[in-house]
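> Got a predicted structure plus its sequence, pasted below:
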Amino acid sequence: MRLGYHIGYWTTGPTPGALEAIVRAEELGFESVWTAEGYGSDAFTPLAWWGASTSRIRLGTNIVQMSARTPTATAMSALTLDHLSGGRFVLGLGASGPQVVEGWYGQPYPRPLARTREYVEIVRRVVAREEPLTFDGEFFQLPLAGGTGLGKPLKSTVHPLRRRIPIHLAAEGPKNVALAAEIGDGWLPLFFSPRSDGFYRAALAEGFARRADGAPDPAEFEVAASVPVIVHDDVEQAADMIRPALALYIGGMGAKGVNFHHDVFARMGYADVADKVQDLYLSGRKQEAAAVIPTRLVEDTSLIGPPAKIRDELAAWEESVVTTLLLRGDAATLERVADVLS
């Protein structure tokens, strides 16, 4: 099981101690470091700024929101970062949800899986740089149809350092997970539980069966899961540190009826809990929403408690499809967690 470091979202400003933690993660043997974006800081800039102080660790986005940029603009950033990092870049992409896509980016949210398929294909063509780019899809047309008529097919002025940059897809539903296995080099799950391993293995197998000829071996497919790890003698106190974030995602990260995070926990067997959390959160009772989350739900998607308990529970993660655990925290937290997990 490999370890990665997820910096997470900025709040009021840059994550305190992020550079120190990234440098320490590389020293500790962490395999990758990842940035995020929502509707504040972007994912590319911090990765380039802080990543410049590293030499070995892979640099990934978890995730770049597709509606924030055209596929060619994303491909330009990927090409640039791959060159600057000496071939260490990983492009993590995600569709987000309609509240952000339509509310923040002002883009439509139709058929996100079909849109993702086109988006990834264009990025791959730009990076491969085999011929001037033309694309006639449902969502993207290059050159633009119906414009001035002066658009022309172009190739990137930059030759790629690698003709195939790894692309990982963030996905929670079974169809999107299958799509990640079909067209991607990795999957970025959120709220993964070893108890759901069989469900996700089936979705991945469906996607692997549809892979095109010449695609990388499925054995090389990466599953990098963001997993809260809290080393603490008191399990309940550790769970309390995670409950507010779970309440936010289950209850507030999406409209009622269109919240993919809520649906993950419903499929896991917590439909009643998820509904209650959502009702409380959307009515402004955020602390009550967090309080109704049972400890067993936290333990299903996290590693919490004393070192011996965490080590025992880690076995289930090691037997799952997950290949990399993405941890969060400052440098001291990474050191402590790495010691427990090693």
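That came through fine.

> Tell me if I am right that Leu91 is in a helix.
No - counting by DSSP: H, G, I helix; E, B strand; the rest coil, Leu91 is not part of a helix but strand.

> Would you agree it is in contact with Ile165?
Yes - applying Cβ atoms under 8 Å, one finds Leu91 in contact with Ile165, separated by 5.7 Å. (C-beta placed from N, C-alpha, C; glycine too.)

> If you count surrounding residues, which of the two has more?
Per other Cβ atoms under 10 Å, whichever of Leu91 and Ile165 has more neighbours is Leu91, with 28 against 22.

> Please name the bridge partners of that one.
Beta bridges link Leu91 to Ile167 when assigned by DSSP bridges.

> most residues in a single helix of the chain, which one?
Of all segments of type helix in the chain, defined using DSSP state H, the longest is helix 112-128.

> quick one: the helices in the protein?
18-27, 44-51, 71-84, 98-103, 112-128, 174-183, 197-209, 235-247, 260-265, 271-282, 286-291, 295-301, 307-318, 331-341.

> Export these to JSON lines and append columns for mean pLDDT.
Below are the helices of the chain laid out as JSON lines (pLDDT from 0 to 100):
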{"stretch": "helix 18-27", "mean pLDDT": "97"}
{"stretch": "helix 44-51", "mean pLDDT": "97"}
{"stretch": "helix 71-84", "mean pLDDT": "98"}
{"stretch": "helix 98-103", "mean pLDDT": "93"}
{"stretch": "helix 112-128", "mean pLDDT": "98"}
{"stretch": "helix 174-183", "mean pLDDT": "98"}
{"stretch": "helix 197-209", "mean pLDDT": "98"}
{"stretch": "helix 235-247", "mean pLDDT": "97"}
{"stretch": "helix 260-265", "mean pLDDT": "93"}
{"stretch": "helix 271-282", "mean pLDDT": "96"}
{"stretch": "helix 286-291", "mean pLDDT": "97"}
{"stretch": "helix 295-301", "mean pLDDT": "97"}
{"stretch": "helix 307-318", "mean pLDDT": "96"}
{"stretch": "helix 331-341", "mean pLDDT": "92"}
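
> Quick one, grab the pLDDT at Ala255.
We have a pLDDT of 81 for Ala255.

> Pull the contacting residues for it.
With contact taken as Cβ atoms under 8 Å, 6 or more residues apart in numbering, Ala255 is in contact with 98-99.

> ok, now Ala205?
So Ala205 contacts Ala181 (Cβ under 8 Å, 6+ apart).

> before we move on, the earlier item: quick one: common contacting residues for Leu91 and Ile165?
Common neighbours of Leu91 and Ile165, using Cβ under 8 Å, 6+ apart, are Ala78.

> For Arg328, give me phi and psi.
Main-chain dihedrals, Arg328, degrees, to the nearest 10: phi -130, psi 160.

> So it sits against Met241, correct?
No - between Arg328 and Met241 no contact is recorded; they are 11.2 Å apart, counting by Cβ under 8 Å.

> Which one of these two is surrounded by more residues?
Between Arg328 and Met241, counted using other Cβ under 10 Å, Arg328 has the larger neighbour count: 18 against 14.

> isn't Val264 right up against Phe199?
No - the pair Val264 / Phe199 is not scored as a contact, 10.3 Å apart, by Cβ under 8 Å.

> So the two - more neighbours on which side?
Applying other Cβ under 10 Å to Val264 and Phe199 shows that Val264 carries more neighbours, namely 22 against 14.

> quick one: that one from Tyr270, how far?
9 Å (Cβ to Cβ, to the nearest Å).

> what's the answer for Arg210, then?
Taking Cβ to Cβ, one finds Arg210 at 31 Å from Tyr270.

> do Ile310 as well
Using Cβ to Cβ, Ile310 is found at 22 Å from Tyr270.

> Also Arg164?
Noted for Arg164: a distance of 39 Å to Tyr270, by Cβ to Cβ.

> which of these two has more neighbours?
When neighbours are counted by other Cβ under 10 Å, Tyr270 comes out ahead of the other of Arg164 and Tyr270, with 20 against 12.

> dump the residue contacts of the more buried one.
By Cβ under 8 Å, 6+ apart, the neighbours of Tyr270 are 294, 297.

> Right, I'll leave it there.
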